[in-house]
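Chemist: here is the input, now give the coordinates:
(one chain, ligands or ions: 1)
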Amino acid sequence: MHALVTGGAGFLGLHLANRLHALGWSVRALDDLSNGQPEFLDRDIPLQEGDVNDLPLLWRLLKNVEVVFHLAALANVPESVHYPRAYNTVNTGGTVALLEACRDVGVRRVILASSATVYGAQSRQPVSEDAPLKPGVPYAVSKVAAENYLFSIARLNGFEAVALRIFNTYGPWQPVPHAHAPVIPRFMHDTLNRRSVVIFGDGHQTRDFIYIDDVVHALVLAAEKPGIHGHVLNIGSGCETTINELVDLIGQTVGRKPHVLHNQGTAAGVSRLVADMSKARRVLDFKPRVLLRDGLQRFHELEPAFQG
Ligand code: NAD
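Modeler: Got it, this is the predicted structure:
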């Protein structure tokens, strides 16, 4: 099978590309390297540096490609509040450009990495795919638009489309930017470096954390499974964890009690978010395999930044 992974130097993209390569797929990666860590990409995987809005480049890269995994995006929620235009250009515009190129060249299936943020604040938990979408931030809006373009352009042009609404993913090689880093690598780094762990709000807010290998497994299934065109699927663990519980688990994992500070002045985000995984189980045969406790252990053991 021939695949293109956009965002192939990013956290999810490079894990996915390496896995596909190990499975015997022929993989190409596209990434503009605005983020990402290309040094962790398997050396046999050709990486094209370039923009997902560059149509001539896409036409060239898509030659003979059957499956496209579209992961290239700006993916920092608070940043999107400050730069909505950039999020629109890359996440929505970039998706439309890619879909146009897929139409022109003729691919079999496009899999979009969408996001659980499209749900916003939901009173009913666990949240299922048919919940009314309430995207509260520009990043989430850009993902809702990308989903809609995906299904529209695919239907009108006769190729298959699947959108995965991915929940909070964690694992080795996850970047930790200075501002607005994802909570698991942030808290792990801070605990290991004896810095205070800063929790926004009271820490009773919940999230659904899924280990990177499970997300990669779901992406591969989404490429291989026949007859799933048009589906939107939650990809989470299905387990609800408070931020306070997460911090305790991180302390147990690294063998050091975190020093916790609560920042009541910063919005803590939605109060609850956990995936209803029944549809992904039914449609994709997907069942997350890594419990949070085990995933944190693996992350701690495998992340190069934690060694030595
Ligand atoms: P990431 O930032 O590590 O990877 C995204 C990659 O896209 C980066 O390497 C970046 O350089 C690249 N990119 C950005 N703009 C580009 C452009 N214009 N052209 C080409 N490449 C470009 O983020 P990630 O965590 O690996 O996320 C991958 C995808 O999964 C994103 O679409 C994100 O929205 C989605 N997602 C991630 C999570 C998560 O928890 N990590 C959850 C839900 C959805």
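
Chemist: need the contact list for residue 273.
Modeler: Listed by Cβ atoms under 8 Å, 6 or more residues apart in numbering, the contact set of residue 273 reads 116, 119, 122, 125, 127, 167, 206-208. Any C-beta I mention is one placed from the backbone N, CA and C, and that applies to glycine too.

Chemist: and it, that's in a helix?
Modeler: No. Read with DSSP: H, G, I helix; E, B strand; the rest coil, residue 273 is coil and lies in no helix.

Chemist: and the average pLDDT for the lengthiest helix in the chain is what?
Modeler: As assigned by DSSP state H, the longest helix anywhere in the chain is helix 138-157. On average, the pLDDT along helix 138-157 is 98.

Chemist: mind exporting it as CSV, just the C-alpha atoms?
Modeler: Output in CSV follows, covering the C-alpha atoms of helix 138-157 (Å, rounded to 0.1, in the frame of the first residue of the first chain):
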residue,chain,number,x,y,z
PRO,A,138,-10.8,28.7,16.5
TYR,A,139,-8.8,25.4,16.5
ALA,A,140,-12.0,23.4,17.0
VAL,A,141,-13.8,25.5,14.4
SER,A,142,-11.1,24.8,11.9
LYS,A,143,-11.5,21.0,12.6
VAL,A,144,-15.3,21.2,12.2
ALA,A,145,-14.8,22.9,8.8
ALA,A,146,-12.2,20.4,7.8
GLU,A,147,-14.5,17.5,8.6
ASN,A,148,-17.3,19.1,6.5
TYR,A,149,-15.0,19.8,3.6
LEU,A,150,-13.7,16.3,3.8
PHE,A,151,-17.1,14.6,3.5
SER,A,152,-18.4,17.1,0.9
ILE,A,153,-15.4,16.9,-1.5
ALA,A,154,-15.1,13.1,-1.1
ARG,A,155,-18.8,12.5,-1.8
LEU,A,156,-18.8,14.8,-4.8
ASN,A,157,-15.7,13.2,-6.3
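
Chemist: show me which parts of that helix are buried, residue by residue.
Modeler: By neighbour count on 16 or more other Cβ atoms under 10 Å, the buried set for helix 138-157 is 138-147, 149-151, 153-154.

Chemist: returning to that earlier point: out of the contacts of residue 273, which are inside strands?
Modeler: 206-207 (DSSP state E).

Chemist: count of residues packed around the residue in the chain that the ligand sits nearest to?
Modeler: Going by Cβ to the nearest ligand atom, the ligand is nearest to residue 10 of the chain, at 2.0 Å. Residues near residue 10, counting by other Cβ atoms under 10 Å, number 29.

Chemist: do residue 84 as well
Modeler: Residue 84, neighbours per other Cβ under 10 Å, totals 15.

Chemist: do you know how far it is from residue 170?
Modeler: 26 Å (Cβ to Cβ, to the nearest Å).

Chemist: would you map the strands across the protein?
Modeler: Using DSSP E, strands in the chain cover 2-6, 26-31, 47-49, 67-70, 109-115, 160-166, 168-170, 197-200, 206-207, 209-211, 232-235, 241-242, 260-263.

Chemist: residue numbers of the stretch 101-250 of the chain in contact with the ligand?
Modeler: 113, 115, 166, 168-169, 175 (Cβ under 6 Å from any ligand atom).

Chemist: want to throw those into a markdown table with pLDDT and neighbour count?
Modeler: Converted to a markdown table, these look like this (pLDDT from 0 to 100; neighbours: other Cβ atoms under 10 Å):
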| residue | pLDDT | neighbour count |
| --- | --- | --- |
| 113 | 98 | 27 |
| 115 | 98 | 27 |
| 166 | 98 | 24 |
| 168 | 97 | 20 |
| 169 | 98 | 25 |
| 175 | 88 | 13 |
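
Chemist: name the nearest of the residues you listed relative to residue 41.
Modeler: For these, the minimum distance to residue 41 (Cβ to Cβ) is 14.1 Å, reached by residue 175.

Chemist: contacting residues around that closest one?
Modeler: With Cβ under 8 Å, 6+ apart, residue 175 has these contacts: 11, 35-37, 181, 185.

Chemist: rewinding a little: what's the angle from the longest helix of the chain to strand 160-166?
Modeler: Relative orientation of helix 138-157 and strand 160-166, computed by axes from the mean of the first three to the mean of the last three Cα atoms, to 10 degrees: 160 degrees.

Chemist: so which elements touch helix 138-157?
Modeler: Counting contacts by 3 or more Cβ pairs under 8 Å, 6 or more residues apart in numbering; DSSP states H and E, helix 138-157 is packed against helix 77-82, helix 84-87, helix 94-105, strand 109-115, strand 160-166.
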